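**Student:** coordinates only, sequence not included:
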């Protein structure tokens, strides 16, 4: 029985372990090798990473996308997608959304659209129009159900949601366990529900190692009929990322399955990315001990990574545990929204504000006010939310100022005229829209992209490293009767 793998190294691995800090040059150093490894799908960055790439990394995301298209011509390249470009900005006009995804397809950077279904009423609000758009573009369509634990997320809930997704005839349905909360016992009751109600559509499993259980849950999933698993390549596996492809594939083989991936091809990728991680002082994913705290606060790995980064910048990282404790109360107050983008960011941000100000809901972010007004559909507003808090929030002056967010129908031509007109390239036009102007784009273009030499250029890497060690005066390389001496002039 074959087992197939969706690789998450470049996107979810980077988000979970490096706060989306994997630079285009890091991807380029291993992309060609990844393309040869036999993955069914390789997840690539998009959406939110575009802004991160320009603002923080000072690199051109469109050059990255073209590089991945060129270096990985055989791989099915997948990205998180939906009725938005940026996950926290669901108000983007439909014309711009369609243009953005068409542009990705045009340059060869996208073959598969992954969409999470059970957060924003997507089955009624988004899927009826965006699924046909993706089909017209020739994309595979894969729909995910986000897993969570709460009084209202029962087997019956997931059975009904799976049937709703199956009606769209997606290429696959997957369970997205963004918090790493799935246990083997829970998998035994829940995964058969998904498989049965998927009505023959392939089922995938995506989990994180934040509780230490995901590798075991994956093996249990194989026994339950799930044959497609989301994994990462070390050092961007384990930790708060996905299970390691090496661990899962080796154990699956011992259980009698046939993993459809070439681990020998991937070993140089591990070596190269590990060297880069050490060079850049980035975290290296390691297996984690069981952490019951994840079942309490349910904050996903990617959000934890960014939260640590942001609290450290504010010099209040020592209050992280307080934020986690407050997150539990905020989530309960708002009726147990699923802790996934954007709800996880909303809840954690509000919790951090509560902790920082010392008073619960003294300052409330706009997104939580809109949540109270029911702007986010079935997961917001009425039935499950604390009604006293809801009344308080919708009675605020700010609540009256905020209009329920609705997608506009501004034409592409109008948007182009606002952002430079017909003389602006498609790349630039999209960047200007995403970055809300040109200032950060200019700063990005003024910076030099960071290169990471490929594993097949060892001499260049050696010369570069030699510059960093002035005490080394020379290196002699000898092969048979041939000899090469490299002198370090910086040591003179």
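**Tutor:** That came through, no problem. Quantities reported herein were computed from a predicted structural model and do not represent experimental measurements. Residues are numbered from 1 along each chain as shown.

**Student:** and the closest residue to residue 256 other than its chain neighbours, how far is that from residue 227?
**Tutor:** Excluding the flanking residues, the one nearest residue 256 by CB to CB, 6 or more residues apart in numbering is residue 1, at 7.4 Å. No exception for glycine: its C-beta is placed from N, CA and C like everyone else's. Applying CB to CB, to the nearest Å, the value for residue 1 to residue 227 is 7 Å.

**Student:** more neighbours, the two?
**Tutor:** More neighbours surround residue 227 than the other of residue 1 and residue 227, with 17 against 10 (other CB atoms under 10 Å).

**Student:** and for the more buried one, nearest residue in space, chain neighbours not counted?
**Tutor:** Of all residues not flanking residue 227 in the chain, residue 3 sits nearest, at 5.5 Å (CB to CB, 6+ apart).

**Student:** and residue 265, by the same measure?
**Tutor:** Once flanking residues are discounted, residue 265 sits nearest to residue 37: 4.7 Å by CB to CB, 6+ apart.

**Student:** what about residue 3, helix or strand, and which?
**Tutor:** strand 2-7 (DSSP states H and E).

**Student:** what is the neighbour count of the residue nearest to residue 265?
**Tutor:** Residue 37: 21 neighbours (other CB under 10 Å).

**Student:** give me the three-state assignment for it.
**Tutor:** Residue 37 carries the three-state label coil when classified by DSSP: H, G, I helix; E, B strand; the rest coil.

**Student:** and residue 311, how close does it get to residue 24?
**Tutor:** Counting by CB to CB, the gap from residue 311 to residue 24 is 27 Å.

**Student:** likewise for residue 47?
**Tutor:** As judged by CB to CB, residue 47 and residue 24 stand 16 Å apart.

**Student:** who has more neighbours out of those two?
**Tutor:** Higher neighbour count among residue 47 and residue 24: residue 24, with 25 against 22, using other CB under 10 Å.

**Student:** wait, the more buried one sits on residue 62?
**Tutor:** No - contact between residue 24 and residue 62 fails when scored by CB atoms under 8 Å: they sit 10.1 Å apart.

**Student:** strands along the stretch 1-150 of the chain, start to end?
**Tutor:** 2-7, 41-43, 77-80, 112-116, 140-146 (DSSP state E, counting those that start in this stretch).

**Student:** okay, the angle between the fourth one and strand 140-146?
**Tutor:** For strand 112-116 against strand 140-146, the angle between stretch directions is 20 degrees (axes from the mean of the first three to the mean of the last three CA atoms, to 10 degrees).

**Student:** taking strand 2-7 as reference, get the angle to strand 112-116.
**Tutor:** Using the same axes, to 10 degrees: strand 112-116 against strand 2-7 is 80 degrees.

**Student:** so where does residue 161 fall, helix or strand?
**Tutor:** Applying DSSP H and E, one finds residue 161 within helix 155-166.

**Student:** who does the helix or strand that comes right after that helix touch, helix- and strand-wise?
**Tutor:** As assigned by DSSP H and E, the chain's next helix or strand after helix 155-166 is strand 172-177. Counting contacts by 3 or more CB pairs under 8 Å, 6 or more residues apart in numbering; DSSP states H and E, strand 172-177 packs against strand 140-146, helix 155-166, helix 184-197, strand 203-207, strand 228-231.

**Student:** how about those in CSV, adding distance to residue 174, mean neighbour count and mean pLDDT?
**Tutor:** Shown next, in CSV, are the helices and strands packed on strand 172-177 (distance: least, CB to CB, whole Å; neighbours: other CB atoms under 10 Å; pLDDT from 0 to 100):
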stretch, distance to residue 174, mean neighbour count, mean pLDDT
strand 140-146, 5, 23, 97
helix 155-166, 10, 17, 96
helix 184-197, 9, 18, 97
strand 203-207, 3, 25, 98
strand 228-231, 7, 26, 98
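
**Student:** JSON lines for those, including distance to residue 222?
**Tutor:** Formatted as JSON lines, these follow (distance: least, CB to CB, whole Å):
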{"stretch": "strand 140-146", "distance to residue 222": "19"}
{"stretch": "helix 155-166", "distance to residue 222": "19"}
{"stretch": "helix 184-197", "distance to residue 222": "10"}
{"stretch": "strand 203-207", "distance to residue 222": "9"}
{"stretch": "strand 228-231", "distance to residue 222": "8"}
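
**Student:** could you chop the protein up by domain?
**Tutor:** 2-280, 295-401, 458-491 (automatic domain parsing).

**Student:** so which of those domains is nearest residue 446?
**Tutor:** domain 2-280 (8.1 Å; CB to CB).

**Student:** from the chain's centroid, how far away is the closest one?
**Tutor:** Computed by CA atoms, centre = their mean, to the nearest Å, the chain-centroid distance of domain 2-280 equals 8 Å.

**Student:** mind checking the end-to-end distance for it?
**Tutor:** The first and final residues of domain 2-280 sit 37 Å from each other (CA to CA, to the nearest Å).

**Student:** next: stretch 376-391.
**Tutor:** Stretch 376-391 stretches 17 Å from its first residue to its last (CA to CA).

**Student:** give me the contact list for that stretch.
**Tutor:** Identification of contacts with stretch 376-391 by CB atoms under 8 Å, 6 or more residues apart in numbering yields 118-121, 124-125, 152, 332-338, 343, 361, 370-375.

**Student:** among these, name the buried ones.
**Tutor:** Buried residues within these, defined by neighbour count using 16 or more other CB atoms under 10 Å: 118-120, 125, 333-338, 343, 361, 370-375.

**Student:** quick one, what contacts residue 366?
**Tutor:** Applying CB under 8 Å, 6+ apart to residue 366 gives the contacts 398, 402.

**Student:** what of residue 12?
**Tutor:** By CB under 8 Å, 6+ apart, the residues touching residue 12 are 43, 206, 230, 232, 241, 242, 302.

**Student:** and it, what pLDDT?
**Tutor:** Here the pLDDT value assigned to residue 12 is 95.

**Student:** quick one: find the helix or strand in this structure with the lowest mean pLDDT.
**Tutor:** Across the helices and strands of the chain, mean pLDDT, DSSP states H and E gives its lowest value to helix 458-466, namely a mean of 62.
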